[in-house]
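>>> Just the structure for this:
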Amino acid sequence: MIKKLMMLVTAIALLTACSGEKKDAPEKDNEVMQMQVSGFFSPEKEIADKKVEVTGTAVHVCRHSGKRMFIINGDPDKRLKVTTGDDISKFDVDIEGSKVKVIGEVEEKRIDKAYLDEWEQEVKAAEPEEHVEKEEVKTGKECEVENQTNDQLERINQLRAKLKDSKKGYLSFYSVKAEKFEEIK
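Model prediction:
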């Protein structure tokens, strides 16, 4: 009786192993994770390189190329960057203000000390040299460049402060490379 039972178990194991089906390991690559925009700012689990579906309001589409848009879902300070994928030529500016659904892969950009040091050097190298006499008035363009430089340096300092609090030694910023998207009417 035990021999027959063992033979039966062995036969079932062989048939299952030879069937070519993976019953224990579902295909994770095709799994689409539902996410909220806010979930990209403090993810509870690893999301880089995962396929996601996210819905939100398109608040900005890049007017130059149409290759980037930003979506929100409530909090205007939490904007998710969405870029066009291989099958999407561009986002239409007319979708600004519309609700959209995006399916795509999460991309992670890591910011560390070396990145911030390099960025700061680039900003300082781009600063116009100060040749303005006290009596001269700066042009609007000069003031604009100076303000942009100050804004960038302030942003770098803010990121440095956040980096100090990071346990990972880097900051993660996530975006989605869209494979599909649709305007929700």
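>>> Where in the chain is the helix or strand with the lowest mean pLDDT?
Ranked by mean pLDDT, DSSP states H and E, the helix or strand of the chain with the weakest confidence is helix 2-18, at a mean of 47.
>>> Next, the buried residues of the helix or strand following it.
Later in the chain than helix 2-18, the nearest helix or strand by DSSP states H and E is strand 33-35. For strand 33-35, the neighbour count (16 or more other C-beta atoms under 10 Å) marks Met35 as buried. To be clear about C-beta, it is placed using only N, CA and C from the backbone, and glycine gets the same treatment.
>>> Relative to strand 33-35, what are the paired strands and their orientations?
strand 51-61 (parallel) (DSSP bridges).
>>> and Pro76, backbone torsions?
With angles defined as degrees, to the nearest 10, Pro76 sits at phi -70, psi -20.
>>> measure it to Val123 for me?
Pro76 sits 26 Å away from Val123, going by C-beta to C-beta, to the nearest Å.
>>> Could you do Ala48 as well?
For Ala48, the distance to Val123 equals 27 Å [C-beta to C-beta].
>>> Name the residue in these two with the higher neighbour count.
Val123 (17 against 13; other C-beta atoms under 10 Å).
>>> And the pLDDT for that one?
Here the pLDDT value assigned to Val123 is 90.
>>> so Val123 sits in a helix?
Yes - under DSSP: H, G, I helix; E, B strand; the rest coil, Val123 falls within a helix.
>>> For this structure, just list every one of the strands.
33-35, 51-61, 68-72, 80-84, 99-111, 171-184 (DSSP state E).
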